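Enquirer: A structural model of the following input is requested.
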Amino acid sequence: MVTLGIAVAVAISLIQQEAMASLETYPPVFSDYPSDARFITIQSPMIARLTMLFDRYTGATYQFVSKTEGGNAWQIVTKLANVLDSHQIDGAVNYMIYFSGLATKFTFLVNVRSGATWQLAEDTESGTLFWNPIYILQP
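Expert: Residues are numbered from 1 along each chain as shown. Here you go, the predicted structure:
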């Protein structure tokens, strides 16, 4: 009976290992891009749903989505107005996106010239993503 119990435990362990192996993730692979590249594709390390086409000059962000009629498209992620978003240089990189490996709520869009910052948020009714401004607290 002990031998049967050990055999069952080993079998369960092997099944669990196979299941975990099927969940294994791999680091994204991408080509290098010039430091002044306007458009780049980026993806959250946590969720494939956050695959984006990003315009580093204007801060425009597009989410990779499946169309209801089939196929795929880039859908704009609305950026709400931010009073600190006042400085941009034409023809230059002005924005960056930070994807945390901790949680999706720690995804930020930053104007690297002015410090204006937005946090990625989701409309609870439609499921649509948007950039919500974050302001600096004044003492």
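
Enquirer: which stretches of the protein form strands?
Expert: Along the chain, counting by DSSP state E, strands occupy 39-43, 51-55, 61-66, 72-79, 95-99, 107-111, 117-122, 129-134.

Enquirer: for D85, which of those is the nearest?
Expert: strand 107-111 (5.4 Å; C-beta to C-beta). (Each C-beta comes from the backbone N, C-alpha and C, glycine too.)

Enquirer: contact partners of the closest one?
Expert: Strand 107-111 has contacts (C-beta atoms under 8 Å, 6 or more residues apart in numbering) with 44, 50, 59, 61, 79, 82, 84-85, 87-88, 94-100, 116-120, 131, 134.

Enquirer: dump the residue contacts of A73.
Expert: A73 is in contact with 64-65, 67, counting by C-beta under 8 Å, 6+ apart.
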